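Chemist: Take this sequence and fold it.
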Amino acid sequence: MIVLKWIYILSVLGSVTVSQASEADERVERAAGKSYVFRTLLKRDAVMAECRNGVVFLSGTVSDPGHKLLAENIVEILPGVRRVDNRLQVRGSAFTVEADGWLSVKIKSLLGLHRTVSDASTEVVVVNGIVTLRGQGVSLAQIQAIGEFARDVEGARLVRNEMTLAKSSPVVAGTAEEMIDDASVTAQVKAALLAHHSSSELKVRVETILGVVNLHGVVRDSTQKALVSRLIEDIHGLSKIVNNLTLDGEAANVEK
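Modeler: Prediction:
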């Protein structure tokens, strides 16, 4: 009787543990699906996120390698996630990273991360690494920024900016940017720093609290430190940057 009693108790405890794990996994899946990244930036991709005992399995297809990393970035920092198994396949992966098609996709993806240029009607045409930008921007500053961002993507040999100024820009009264979750802000910042050739080699730790982005790590000099802030200052959902990056020499002195 005592043995049977303990078997019953252990079975009940086991079912409670499984139930709790299942609920935690479901919360992770819901959080991923409701995130800004999944709803907006990955909406044209076929991404499935399944969580089992804290391990998230990503499956499906995405349009470019940047989106594959973006999906991983968003789920790995969700509460309750222990590990991410990224099985996403990139459509057209038979092409090389330097191929014109890939370069066009990378530039479009990067522009989508930046709030100041994402609303422009930008057409990106690439032939033998030569990028031609067409379409209309709402201001000369926006058109110039689009050109600068495109030049900072690896593989762009030359950028010809043929964009023109829109005759009038529609204004919608009472329009405000939607609230964006901190995990999505962090994921976008990481994706932008990787997509920009000038910052792709930097190892920057990113933390976001209520839209305030905290940067940690070591950079070469003050110019590079300022560059990191400039490259992410217009990320969707970012309200403020706290740049805690230290200079290479400063880090060495601290260690001494």
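Chemist: any idea how far residue 59 lies from residue 249?
Modeler: Distance, residue 59 to residue 249, by CB to CB, to the nearest Å: 45 Å. Any C-beta I mention is one placed from the backbone N, CA and C, and that applies to glycine too.
Chemist: out of the two, which sits in the busier spot?
Modeler: When residue 59 is set against residue 249 and neighbours are counted by other CB atoms under 10 Å, the residue ahead is residue 59, at 14 against 11.
Chemist: Surely the more buried one is within a helix?
Modeler: No. Applying DSSP: H, G, I helix; E, B strand; the rest coil, one finds residue 59 to be strand, outside a helix.
Chemist: Return the residues in contact with it.
Modeler: If a contact means CB atoms under 8 Å, 6 or more residues apart in numbering, then residue 59 has 47-48, 50, 87-88 as its contacts.
Chemist: just for this structure, where's the confidence low?
Modeler: Across the chain, the ranges flagged by pLDDT under 70 are 1-21, 92-98, 168-178, 250-256.
Chemist: what's next to stretch 62-72, contact-wise?
Modeler: When contacts are taken as CB under 8 Å, 6+ apart, the neighbours of stretch 62-72 outside the stretch itself are 37-38, 41-42, 44-47, 49, 58, 84, 86, 88-91, 97, 102, 105-106, 109-110, 187-188, 190-191, 194-195.
Chemist: what do you get if the cut-off is 7 Å, keeping everything else the same?
Modeler: Outside stretch 62-72, the residues that touch it by CB atoms under 7 Å, 6 or more residues apart in numbering are 37, 41-42, 44-45, 47, 58, 84, 86, 88, 90-91, 102, 105-106, 109, 187, 191, 194-195.
Chemist: buried subset of the contacts of residue 59?
Modeler: 47, 88 (16 or more other CB atoms under 10 Å).
Chemist: Let's see which of the contacts of residue 59 end up in strands.
Modeler: When DSSP state E defines the strands, the subset of the contacts of residue 59 inside them is 47-48, 50.
Chemist: Please write out the alpha-carbon positions of stretch 218-238 in PDB.
Modeler: The C-alpha trace of stretch 218-238 is given here as PDB (Å, rounded to 0.1, in the frame of the first residue of the first chain):
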ATOM      1  CA  VAL A 218      34.700  47.300 -26.000                       C
ATOM      2  CA  VAL A 219      35.400  49.400 -29.200                       C
ATOM      3  CA  ARG A 220      38.600  50.700 -30.800                       C
ATOM      4  CA  ASP A 221      38.100  54.400 -30.200                       C
ATOM      5  CA  SER A 222      35.600  57.200 -29.600                       C
ATOM      6  CA  THR A 223      34.700  57.500 -33.300                       C
ATOM      7  CA  GLN A 224      33.700  53.800 -33.300                       C
ATOM      8  CA  LYS A 225      31.700  54.300 -30.100                       C
ATOM      9  CA  ALA A 226      29.800  57.200 -31.600                       C
ATOM     10  CA  LEU A 227      29.200  55.300 -34.800                       C
ATOM     11  CA  VAL A 228      27.400  52.500 -33.000                       C
ATOM     12  CA  SER A 229      24.900  55.000 -31.500                       C
ATOM     13  CA  ARG A 230      24.400  56.700 -34.800                       C
ATOM     14  CA  LEU A 231      23.700  53.400 -36.600                       C
ATOM     15  CA  ILE A 232      20.900  52.400 -34.200                       C
ATOM     16  CA  GLU A 233      19.400  55.700 -33.100                       C
ATOM     17  CA  ASP A 234      16.400  55.400 -35.400                       C
ATOM     18  CA  ILE A 235      15.500  51.700 -34.700                       C
ATOM     19  CA  HIS A 236      11.800  51.100 -34.300                       C
ATOM     20  CA  GLY A 237      10.800  51.200 -30.600                       C
ATOM     21  CA  LEU A 238      14.000  52.700 -29.400                       C
END
